[in-house]
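Student: can't give you the sequence, but here's the structure:
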């Protein structure tokens, strides 16, 4: 049973460019959340998608947007990349949102902006 | 608001017990979690505790929760080299997100 799958694993982009990161949730899960983990810090919540809609958003600018598809997979898009967007981007999935056992995380996409 | 704090580093001898501490500020926390992150990897859920519990034990792991002081701890018994990693404390309130601390880097020395 595959867990959460993220692609690509590593990415290098130039300032001002746009990037799309992809996530396939664990089988049976219908909710996807995205987190940004800067070097030496804990993950910060970006947003959560459920039933193809953004249910909650953290303190991130509109340059960060997302999408969830009917098969529950999700994309994270970041426009006009800044050097400060360099981070590990983690996708987490769950069945529903108010779950006791937490979320299953993928291994992340390491984004470097130069 | 939410704010989760952890000590940054812990060094422990192999075979000893490790204790990682965490404080949080949001009294509406419903669940509290401990995640483990190894180099180059994502987050692995180790254990969680509901806010109305004081203690939870799961094999080598013991979680203690002092809700009055908003203090959470994780004790790892018989610490092994494979326990070297970054450990994150996280809280969940009544919304949909997890709020994480900055992580405690645990180094196990022989």
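Tutor: Perfect, I can see it now. These figures come from a predicted structure and were not determined experimentally.
Student: Thought residue A:78 was touching residue A:19, still the case?
Tutor: Yes. Under the criterion of CB atoms under 8 Å, residue A:19 is in contact with residue A:78, at a separation of 5.1 Å. Where C-beta positions appear, they are placed from N, C-alpha and C, glycine not excepted.
Student: Neighbour count for those two, which is higher?
Tutor: residue A:78 (24 against 18; other CB atoms under 10 Å in any protein chain shown).
Student: Can you work out which residues contact both of residue A:19 and residue A:78?
Tutor: The overlap between the contact sets of residue A:19 and residue A:78 (CB atoms under 8 Å, 6 or more residues apart in numbering or on different chains) consists of residue A:111.
Student: Any idea how far apart the tips of stretch A:88-102 sit?
Tutor: From its first residue to its last, stretch A:88-102 covers 19 Å (CA to CA, to the nearest Å).
Student: For it, buried residues please.
Tutor: A:88, A:89, A:90, A:91, A:92, A:93, A:94, A:97, A:102 (16 or more other CB atoms under 10 Å in any protein chain shown).
Student: and the third one, what helix or strand is that in?
Tutor: What it means is residue A:90. Following DSSP states H and E, the helix or strand that holds residue A:90 is strand A:87-94.
Student: Who are the packing partners of whichever helix or strand comes after that strand?
Tutor: Using DSSP H and E, the next helix or strand after strand A:87-94 towards the C-terminus is strand A:104-105. Counting contacts by 3 or more CB pairs under 8 Å, 6 or more residues apart in numbering or on different chains; DSSP states H and E, strand A:104-105 packs against strand A:87-94, strand B:43-50.
Student: ok, strand A:104-105: who's next to it in the sheet?
Tutor: Strand pairing for strand A:104-105, using DSSP bridges, gives strand A:87-94 (antiparallel).
Student: Grab the nearest non-local neighbour of residue B:17.
Tutor: residue B:77 (5.3 Å; CB to CB, 6 or more residues apart in numbering or on different chains).
Student: Just to check, that neighbour is in contact with residue B:19?
Tutor: No. With contacts defined as CB under 8 Å, residue B:77 does not count as touching residue B:19, sitting 10.2 Å away.
Student: residues from chain A in reach of chain B?
Tutor: Remark: the part of chain A in contact with chain B comprises A:4, A:33, A:35, A:40-45, A:48, A:55-56, A:58, A:90, A:92, A:97-98, A:100-108, using CB under 8 Å from any CB of the partner chain.
Student: Any idea which residue of chain B lies closest to chain A?
Tutor: Distances between chain B and chain A by CB to the nearest CB are smallest at residue B:100, namely 3.4 Å.
Student: What does residue A:83 show for phi and psi?
Tutor: Listed backbone geometry of residue A:83 is phi -60, psi -40, with angles given as degrees, to the nearest 10.
Student: Neighbours of the residue lying closest to it once chain neighbours are set aside, how many?
Tutor: Taking CB to CB, 6+ apart, and ignoring the residues beside it in sequence, residue A:83 has residue A:113 as its nearest neighbour in space, at 5.3 Å. Residue A:113 has 19 neighbours, counted by other CB under 10 Å.
Student: For residue A:113, which residues are in contact?
Tutor: Contacts for residue A:113 (CB under 8 Å, 6+ apart) come out as A:12, A:13, A:14, A:15, A:81, A:82, A:83, A:84, A:85, A:86.
Student: Repeat the analysis, applying 10 Å as the threshold.
Tutor: Taking CB atoms under 10 Å, 6 or more residues apart in numbering or on different chains as the criterion, residue A:113 is in contact with A:11-17, A:19, A:78, A:81-87.
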